[in-house]
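[1] Below are the sequence and a predicted model for it; my questions follow.
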Amino acid sequence: AKQGGKNGVRTFQPTMGSETAERVDVERDLREALSRQELTLHYQPLYAAPAGTVTGFEALVRWNHPTQGLLPPGKFIGVAEDSGLIVPLGAWVLGEACRQAAAWQAHGPVSISVNVSPLQFDQPDFLGTVKEALQSSGLDPHQLILELTESVVIRHPESAVAQLQELRALGIRIALDDFGTGQSSLSLLRRLPIDILKIDRSFVQDDGGTLESAQVMVGVMVTLAHSFRMAVVAEGVETEGQLALVRALGCDGMQGYLLARPLSAEAARALLVTTLPI
Ligand code: C2E
Ligand code: CA
Ligand code: CA
Ligand code: CA
């Protein structure tokens, strides 16, 4: 059984393997990292399709670890979720991303997408945290996109739908992340107040498959999204073939290493000022 409690206290069990002990270390270090401001955000550009102009950025958290260097979220988000640290971490991400995006508006309208974990979304004061980030940054809510996975909605669809409606009433857009990898049904999808479907990169890249089968999957998802009046963004565009495909199939937005990797805040700003359409 998992020992992580609400306050993150873990009791060491003799049966715990070294992997568990390591997680306890990560949790302690992460708690300190938050107060020492070792977390930082990188920003991956989001491009309009087929035009190829930059319309926004997705904020992606990194841990500037004192000894291990820049750690990707895969190294610590799991521990943050299990320990509850994702709540203060997520609030920091939201505040910082909104602050940064508000500053970028001087160069023209630009959206900011923020990933929200299920535990964060389920906090009774989540709406308050979002409002606070908007208020203190001065960011126009229409420029904020919250990215959620199907797992957020699947457990308590009724209350999730109600909260999504409240967020949308503020002008915030909602994106369903990693679409196609979860197990939500079409009937659930139809009921969800969602603005954007993000097609998981496994479908765009069609791991081990061909461009033709990617074409079928992406094509179906574009039709689905558009019939629900949702915009559709293709993730993980890595090749010219995939780029041509998502443009031809009518995706509204696209992201991927071919277009741009996640960038530091300074590099993101420079791109915003100088970039030409792809
Ligand atoms: P995600 O939300 O699906 O974000 C996209 C991930 O795919 C990012 O990895 C990005 O760097 C990577 N990516 C983008 N384009 C490509 C591509 O063309 N090819 C490949 N192979 N990868 C690409 P990253 O930054 O390591 O983030 C991993 C995951 O960590 C994110 O997946 C998201 O679920 C989570 N995450 C990141 N930042 C936050 C955060 O602030 N809060 C929460 N709750 N989760 C976060
Ligand atoms: Ca995302
Ligand atoms: Ca994703
Ligand atoms: Ca993902």
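    Thanks, I have the structure now. Since this is a predicted model, take the numbers as computed values, not measurements. Ligands and ions are numbered 1, 2, ... in the order given.
[2] Quick one: residues in contact with the helix or strand where residue 204 lies.
    Counting by DSSP states H and E, the element that carries residue 204 is helix 201-205. Residues outside helix 201-205 that contact it (CB atoms under 8 Å, 6 or more residues apart in numbering) are 180-181, 214, 217-218, 221, 234-238, 242, 245-246, 256. Every C-beta, even on glycine, is put in place using the N, C-alpha and C of the backbone.
[3] Is ligand 3 within reach of that helix?
    No - among the residues of helix 201-205, none lie within reach of ligand 3 under CB under 5 Å from the ion; the closest is 7.1 Å away.
[4] Next secondary structure after that helix?
    With DSSP H and E, the next secondary element past helix 201-205 is helix 211-227.
[5] that older thread, can I get the helix holding residue 204 in CSV, CA atoms only?
    Written as CSV, here are the backbone C-alpha positions of helix 201-205 (Å, rounded to 0.1, in the frame of the first residue of the first chain):
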residue,chain,number,x,y,z
ARG,A,201,1.7,12.1,-30.4
SER,A,202,1.5,8.3,-30.6
PHE,A,203,-1.3,8.8,-33.2
VAL,A,204,0.6,11.5,-35.1
GLN,A,205,3.8,9.5,-35.2
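[6] wait, does it contact ligand 2?
    No - using CB under 5 Å from the ion, helix 201-205 stays clear of ligand 2, with a minimum separation of 10.6 Å.
[7] what is the rounded mean pLDDT of that helix?
    In this model, helix 201-205 has an average pLDDT of 91.
[8] before we move on, the earlier item: mind checking which of the contacts of helix 201-205 land in strands?
    residue 234 (DSSP state E).
[9] Closest one to ligand 3 out of the contacts of helix 201-205, please.
    Of all these, ligand 3 sits closest to residue 235, with 5.0 Å by CB to the ion.
[10] quick one: contacts for the closest one?
    Counting by CB under 8 Å, 6+ apart, residue 235 has contacts 178, 198, 199, 200, 201, 204, 255, 256.
[11] Ranking by neighbours, what's the top pick from those residues?
    residue 199 (30 neighbours; other CB atoms under 10 Å).
[12] Quick check: it touching residue 218?
    Yes - between residue 199 and residue 218 there is a contact at 6.1 Å, judged by CB atoms under 8 Å.
[13] Overlap in contacts, those two.
    Common neighbours of residue 199 and residue 218 (CB under 8 Å, 6+ apart) are 234, 251.
[14] Return the distance of the helix holding residue 204 from the chain's centre.
    Offset of helix 201-205 from its chain centre (CA atoms, centre = their mean, to the nearest Å): 16 Å.
[15] cool, and stretch 225-240?
    Using CA atoms, centre = their mean, the offset of stretch 225-240 from its chain centre is 15 Å.
[16] Next, the buried residues of it.
    225, 230, 231, 232, 233, 234, 235, 236, 237 (16 or more other CB atoms under 10 Å).
[17] same check, this time on stretch 211-218
    Buried residues in stretch 211-218 (16+ other CB under 10 Å): 214, 215, 217, 218.
[18] what about it, average pLDDT?
    86.
[19] just stretch 128-148 next, same as before
    pLDDT averaged over stretch 128-148 gives 98.
[20] near ligand 3, anything from that stretch?
    No - using CB under 5 Å from the ion, stretch 128-148 stays clear of ligand 3, coming no nearer than 7.2 Å.
[21] mind checking the end-to-end distance for that stretch?
    Distance between the two ends of stretch 128-148: 17 Å, counting by CA to CA, to the nearest Å.
[22] Going by neighbour count, list what's buried in it.
    Applying 16+ other CB under 10 Å to stretch 128-148 flags 129-130, 133-134, 137, 139, 141, 143-148 as buried.
[23] Over to stretch 269-278?
    269, 271, 272, 278.
[24] Grab the nearest non-local neighbour of the third one.
    When you say that, I think you mean residue 272. residue 107 (4.9 Å; CB to CB, 6 or more residues apart in numbering).
[25] Isn't the one you found up against residue 273?
    Yes - Residue 107 is within contact range of residue 273, at 5.6 Å (criterion: CB under 8 Å).
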